[in-house]
Structures are given as structure tokens and as C-alpha cells.
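In: Here is my input, please return the structure:
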Amino acid sequence: MRKSDLAVKRLEEKLNTTFSGKPISLMQNELRQKMGGFLRDNRLQEILLSDASQATGKVLDVVWEAAKPNLIGREIAVVIAQDTPSIKIPRAKLNKAYEVPEGAEIPVGTEDYDSITLTPKKYGVRPLISREMVEDAEWDVIEYQLAEAGRAMADLETEKIVSQMISDAGNSVAAATSGTLAYGDVVNILKECLIDNLVPDILVIHPSELADLLKDTAIQKSMEWGGPAVAPTGKVATLLGMRVLVSTKVTSGTALVVDSKHAGVLFIRRDITAEDYEDPVKDLAGVSVTARWAYSTLRAEAVGKITNC
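Out: Presented below is the predicted three-dimensional model:
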């Protein structure tokens, strides 16, 4: 018998060796079937059972899809993605142009420039997934954990940007009626920003203030005449030419109007990424979800806030 044939025969004998009354080969097949039942989605099978590079790509898909709807901070700031340790952004007031007679020298702007340096910080979350969680769950526990990680990253980014804008706001008005956001309040803060030659294009509010606006008779009447656009979900989509974004990361009782082209800069050094890891001793698998970014307000007057609403 050739050596190759002998090796094959020995392998077959080993696979047919019984353990607890079952051949090893049969036990392996049963285990694969069970795992396929526990991991209902192909993406999730890849997380624990497949090639690392493919699995990481699928993991990132789940994380990113969950994060995207909550990345409101990226809607109200200029986003700069750059592969550098830091960036320097010049700041100046609006420049002034002059009439220049034929052949005359063009005047030099006299505004003083300053600059800000943005150095990114690292943010992250690490959901742990045990083998028992996978085996005992009646639903897709892994995808849920990954999606929650994505939402957590987006919520943190939005919370920090919105909080900084509220703190930096260069224009401010108090609600006419304490505890209620009204159409007139939005008109008043919009006026303040327009006086500074800045044009807010986004209104950011808490769900409580959205409810106030939907109950406001002025808005209800304007809807009848084709005023504020109402999305199928019942949300106000636009108001006074501004897109309306709703987030619990805006402090209840405060509303923001933002000129998103001039208000601030979000510097993304490394966007949301996911790296998988395993701890075979503790029978754990998981994903490290991280990002590196920094935000700074550039023009305070491009942000207006309504307080006490």
C-alpha cells in the first residue's frame, strides 16, 4: 500500500473513532448544524467562524448602518476627513469688498485672523459576546450588540457636538412662554442670526420641542396653506427654510438654529472602525469599535439658541 493511501486510511479510521457512542465526524457535522441554527445570519456566522478580514467587513457594515441615522453632528458642521495628526483652521470675520476704480490698487483686507488647531481624541466601545449568549438567545444577539455599539458611537459624537454648539452659541433668545417652543420663538432667533449676515439652514430640537411645534396653531394653519413640510412620520421636515433635525442629544428646553456652512468643523482622523477579537479561555468573542475625531465651533454667530422653551 502506498504511503498516501495509508495516510488516508488512518485519517478515516480516526474520524470514525467513537466518542460517547458517536463517530467524531458525525459529532462535527452536528456541531456545524447547531451553530448554523444559533447564528441565523450569514454575517454573524462570519463573525465567529469565518475569515477575519471578511468578518471584520461584515461587522463594520452592521455597526455603520446603525450609526448613520444618529450622526446628526455631521449634518450641522463642515466635515473634514484627513489622514493627518492634526489640522489648523484659520478664522476671520466676514471680509469686506470695495469698489475699485480702473487702474487703482485693490484694498487689502484689515481683518485679524486667528486659527484653531484640531487634534483628534479617541472614542470607543467594546461589546462582549459570549458563546452562551449566542447559544441561548432566541434572536440575533450578536447583530443587536453590534448595532448598539454603532448607535452608541453616533450618540456620543452628536452629544458632544451639540453640547459644544449650545455652549458657544453667539445668538440667544428666551422662549416667549416658559416651557414651550413656539413658531414665534424660531422667528426671533432666525432674525438675530440674519442680522449677523448668517443664514441658518438647520433647526435642531428635542422630541419635546417637536411636540410643541406640532401643537402650535400658527404652524398648523401654515400647514394648511402649504407651509412647513411634514414627513410621513409626522415630523416637521422643514420650517422657515430650515431642515428640522430631532435628537434626544439636544437638551430638552433648548433649541438650536445653525448655519451649517459656517458654524463649526468636525475633523475626522479615523472614522468609525471595527476590529474583532477573541478570548478562547473565557469563551468570549467581541468587537472593538473606535473612532478618532475633534470638533470646534468656528463662528459663534452662526449658531443661535432658544432657551427656556
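In: Give me the neighbour count for L194.
Out: By other Cβ atoms under 10 Å, the residues close to L194 number 14. C-betas here are computed from N, CA, C, even on glycine.
In: Give me the buried positions along the host helix or strand of I161.
Out: I161 is part of helix 141-168 when elements are defined by DSSP states H and E. By 16 or more other Cβ atoms under 10 Å, the buried positions in helix 141-168 come out as 141-143, 145-147, 149-162, 164-166, 168.
In: Tell me the helix or strand right after that helix.
Out: Counting by DSSP H and E, the next helix or strand C-terminal to helix 141-168 is strand 171-174.
In: List every C-alpha atom in the following helix or strand past that next one, with coordinates, as PDB.
Out: Moving toward the C-terminus from strand 171-174, the next helix or strand (DSSP H and E) is helix 183-195. Only the C-alpha atoms of helix 183-195 are listed here, as PDB (Å, rounded to 0.1, in the frame of the first residue of the first chain):
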ATOM      1  CA  TYR A 183     -43.200  79.400  16.000                       C
ATOM      2  CA  GLY A 184     -42.600  82.900  17.000                       C
ATOM      3  CA  ASP A 185     -39.500  81.900  19.000                       C
ATOM      4  CA  VAL A 186     -38.000  80.300  15.900                       C
ATOM      5  CA  VAL A 187     -38.700  83.500  14.000                       C
ATOM      6  CA  ASN A 188     -36.900  85.600  16.700                       C
ATOM      7  CA  ILE A 189     -33.700  83.600  16.800                       C
ATOM      8  CA  LEU A 190     -33.600  83.400  13.000                       C
ATOM      9  CA  LYS A 191     -33.800  87.200  12.900                       C
ATOM     10  CA  GLU A 192     -30.800  87.500  15.200                       C
ATOM     11  CA  CYS A 193     -28.700  85.300  13.000                       C
ATOM     12  CA  LEU A 194     -29.800  87.100   9.800                       C
ATOM     13  CA  ILE A 195     -28.700  90.400  11.300                       C
END
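In: Helix 183-195: how far from the chain's middle?
Out: 28 Å (Cα atoms, centre = their mean, to the nearest Å).
In: go on, stretch 290-299?
Out: 13 Å.
In: what's the answer for stretch 141-149, then?
Out: Mean-position distance between stretch 141-149 and its chain equals 15 Å (Cα atoms, centre = their mean).
In: for stretch 147-161, same thing?
Out: Stretch 147-161 sits 5 Å away from the centroid of its parent chain (Cα atoms, centre = their mean).
In: So which residues make contact with that stretch?
Out: 62-74, 76-77, 123-127, 247, 249, 264, 266, 272, 274, 287, 289, 291, 293, 295 (Cβ atoms under 8 Å, 6 or more residues apart in numbering).
In: ok, now with 7 Å
Out: 62-64, 66-67, 70-73, 77, 123, 125, 127, 247, 249, 266, 272, 287, 289, 291, 293, 295 (Cβ atoms under 7 Å, 6 or more residues apart in numbering).
In: Also stretch 69-83?
Out: Outside stretch 69-83, the residues that touch it by Cβ under 7 Å, 6+ apart are 87, 151, 154-155, 157-158, 161-162, 202, 204, 245, 247, 258, 260-261, 263-268, 271, 295.
In: quick one on the thing from earlier: give me the subset of the contacts of stretch 147-161 that lies in helices.
Out: Using DSSP state H, the subset of these located in helices is V62, V63, W64, A66, A67.
In: my guess is the last one contacts A274, does it?
Out: What it means is A67. No: applying Cβ atoms under 7 Å as the test, A67 and A274 come out as separate, 10.5 Å apart.
In: E148 versus G304, what's the distance?
Out: Applying Cβ to Cβ, to the nearest Å, the value for G304 to E148 is 34 Å.
In: L284 is in contact with S130, correct?
Out: Yes: between S130 and L284 there is a contact under Cβ under 7 Å: 5.4 Å.
In: which parts of stretch 278-294 are buried?
Out: In stretch 278-294, counting by 16+ other Cβ under 10 Å, buried: A285, G286, V287, V289, T290, A291, R292, W293, A294.
In: Kindly report the same for stretch 294-308.
Out: 294-307.
In: And stretch 60-75, by the same measure?
Out: Neighbour-count burial for stretch 60-75, with 16+ other Cβ under 10 Å as criterion, is recorded at L60, V62, V63, W64, A66, A67, N70, L71, I72, G73, R74, E75.
In: who's in contact with the fourth one?
Out: For W64, the set of contacting residues under the criterion of Cβ under 7 Å, 6+ apart consists of G150, I272.
In: Could you tell me the end-to-end distance of stretch 237-248?
Out: In stretch 237-248, first residue to last residue: 17 Å (Cα to Cα, to the nearest Å).
In: actually stretch 102-119, sorry about that
Out: For stretch 102-119, the end-to-end distance is 46 Å (Cα to Cα).
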